[in-house]
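Student: below are the sequence and a predicted model for it; my questions follow.
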Amino acid sequence: MTRADLPTSPVPLAFLTAATARRIAVALQGVATLAVGWAAYRWGGWSWPAATLLAGAALILGYLVSVGWAFLVSLRSLGTAIPDDPMWDRMPVPHEHRIGIAGFIACWLRECVCVAWMFNVLQPFRASAAFDAPAGGGKRVPVLMIHGYGCNRAVWLPMQQHVAAAGHPTDAIDLMPLLGDIDDYARDIAAAVARLTRLHGRPPVLLCHSMGGLAARALLRQTEPSAVAHVITLGTPHRGTAMARSGRGHNVRQMAWASPWLRQLAASETPAVRARITSIFSWHDSIVGPAGASWLEGARHVPFAGVGHVSLLCEARVRDAVLAELARIENSAAAPSA
């Protein structure tokens with residue numbers, strides 16, 4: 001996509017890519033970390049080794065606090081009014097999926113590591129990295145990977161190699177502009193779907209993280225459902241998210257809990273469309289919450305416990321569930337002609 005392809009309606013920072021935004025953020029983190037170390041050395045009388053350790057500790061503490069705050073807002077729906085409506089109400093976490101304090105701490109720490117890796121390494125510096133070629137000549141159903149809010153295709157690098165190793169041709173797109181309208185993203189997804197369909201002779205599965213799943217549903221509203229083989233969403237806010245109050249952009253407003261846009265999207269979908277969607281999610285998502293935010297009535301659900309939002313892209317259990325779902329979709333498509 002080029003800048004000329006972007007919507008003509010005013011969108012804040014329409015020129016800004018996720019990779020550039022993340023490089024700026026990494027630079028600011030580096031400056032802040034150096035400032036802490038310099039201040040400790042210059043004005044606190046600390047030795048350089050001690051000041052360096054302090055700066056590193058401050059950086060780690062920043063991750064712990066920011067990710068912990070996200071968990072708090074998400075799981076407790078702070079500042080968000082949840083409608084007294086069965087279709088849009090929060091859901092109790094099933095007893096078998098409750099994790100306790102120790103489980104939550106482990107989930108929190110894993111999410112911090114995944115956030116640092118995704119946002120400070122992969123997205124800013126690996127945005128153009130080539131995907132692995134599919135094993136076995138790529139004869140299995142193709143997969144189009146669609147990222148979430150404020151991200152780029154690099155978030156799929158940890159999972160893509162396993163999907164390709166299973167024999168699936170893969171591709172991914174960058175959704176632009178970062179703060180745009182989710183309905184507009186559907187046009188670019190449609191072009192990528194058409195390209196993969198021509199190349200491989202059959203429609204792809206859409207594998208979507210977070211907001212990407214809503215963009216895929218927007219596509220299904222604008223085209224024939226048969227244009228895609230299936231939609232798999234990972235941590236998608238199908239009913240909205242409390243964290244929308246902390247974001248910026250038109251797409252964030254669309255993702256607010258029970259927003260008018262989400263209600264219109266849900267009302268436009270038939271049972272047949274919902275049957276083409278699988279929602280893989282965590283009851284302890286650090287961004288998409290409160291509980292049940294990823295539940296989509298009529299869709300297939302694969303729930304997990306103790307997995308954060310970004311961790312859904314790295315967790316081995318989730319990856320195995322995605323591969324199993326791809327196999328199920330392929331087998332289901334082949335069954336009528338068997």
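Tutor: The structure has been received and is ready for your questions.

Student: L61: how many residues sit nearby?
Tutor: By other Cβ atoms under 10 Å, 10 other residues sit near L61. For every residue, glycine as well, the C-beta is placed using N, CA and C.

Student: now the one 4 residues further on
Tutor: The criterion is other Cβ under 10 Å. On that basis, V65 has 11 neighbouring residues.

Student: and what of I105?
Tutor: Other residues lying near I105 total 11 when counted by other Cβ under 10 Å.

Student: tell me what the helix or strand hosting it is packed against?
Tutor: Per DSSP states H and E, I105 falls inside helix 100-117. Counting contacts by 3 or more Cβ pairs under 8 Å, 6 or more residues apart in numbering; DSSP states H and E, helix 100-117 is packed against helix 48-76.

Student: which other helices and strands does the helix it packs on contact?
Tutor: Judged by 3+ Cβ pairs under 8 Å, 6+ apart, the packing partners of helix 48-76 are helix 18-42, helix 100-117.

Student: low-confidence stretches in the chain?
Tutor: 1-9, 79, 335-338 (pLDDT under 70).

Student: show me where the stretch 151-300 of the chain has its strands.
Tutor: Using DSSP state E, counting those that start in this stretch, the strands of the stretch 151-300 of the chain run over 170-173, 205-209, 230-234, 277-282, 300-304.

Student: the third one: how far from the chain's middle?
Tutor: Taking the mean of its C-alpha atoms, strand 230-234 sits 11 Å from the chain's own mean (Cα atoms, centre = their mean, to the nearest Å).

Student: how close does the residue of the chain most remote from its centre get to Q264?
Tutor: Computed with Cα atoms, centre = their mean, the residue of the chain farthest from its C-alpha average is G45, at 44.0 Å. Computed as Cβ to Cβ, to the nearest Å, the G45 to Q264 distance reads 61 Å.

Student: residues contacting the closest residue in space to D181 that isn't next to it in sequence?
Tutor: Distances taken as Cβ to Cβ, 6 or more residues apart in numbering put H250 closest to D181, at 5.2 Å, once the chain neighbours are dropped. Shown in contact with H250 (Cβ atoms under 8 Å, 6 or more residues apart in numbering): V11, L179, G180, D181.

Student: how near is A40 to W48?
Tutor: Distance, A40 to W48, by Cβ to Cβ: 9 Å.

Student: show me the contacts for R248.
Tutor: Contacts for R248 (Cβ under 8 Å, 6+ apart) come out as P12, L179.

Student: need phi/psi at it.
Tutor: phi -130, psi 150 (degrees, to the nearest 10).

Student: list the contacts of P12.
Tutor: With Cβ under 8 Å, 6+ apart, P12 has these contacts: L179, R248, G249.

Student: S66: which of those residues is nearest?
Tutor: R248 (16.2 Å; Cβ to Cβ).

Student: returning to what we had before: pick out the most distant pair among the contacts of H250.
Tutor: L179 and D181 (9.2 Å).

Student: what is in contact with those two at once?
Tutor: Counting by Cβ under 8 Å, 6+ apart, the residues touching both L179 and D181 are H250, N251.

Student: where do the helices of the stretch 101-250 of the chain begin and end?
Tutor: Along the stretch 101-250 of the chain, the segments classed as helices by DSSP state H, counting those that start in this stretch run 123-125, 157-165, 182-200, 211-222, 250-254.

Student: out of the ones you listed, flag the one nearest A133.
Tutor: So among the helices of the stretch 101-250 of the chain, helix 157-165 is nearest, using Cβ to Cβ, at 6.5 Å.

Student: elements contacting the closest one?
Tutor: Packing partners of helix 157-165 (3+ Cβ pairs under 8 Å, 6+ apart): strand 143-146, strand 170-173, helix 316-334.

Student: go again using 7 Å as the cut-off
Tutor: Helices and strands touching helix 157-165, by 3 or more Cβ pairs under 7 Å, 6 or more residues apart in numbering; DSSP states H and E, are strand 170-173, helix 316-334.

Student: tell me which of these sits most buried.
Tutor: Mean neighbour count (mean count of other Cβ atoms under 10 Å) peaks for strand 170-173 among those, with a mean of 21.

Student: how about the contacts of P12 in CSV, adding distance to R110?
Tutor: Putting the contacts of P12 into CSV (distance: Cβ to Cβ, whole Å) gives the following:
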residue, distance to R110
L179, 29
R248, 27
G249, 28
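
Student: between these, which sits nearest I105?
Tutor: Closest approach to I105 among these (Cβ to Cβ): R248, at 30.3 Å.

Student: which ones are touching the closest residue to I173 other than its chain neighbours?
Tutor: Closest residue to I173 apart from its sequence neighbours, by Cβ to Cβ, 6+ apart: A192 at 5.0 Å. Residues counted as contacts of A192 (Cβ atoms under 7 Å, 6 or more residues apart in numbering) are L144, D171, I173.

Student: what's the closest of the helices and strands packed on helix 48-76 to E224?
Tutor: helix 18-42 (30.1 Å).
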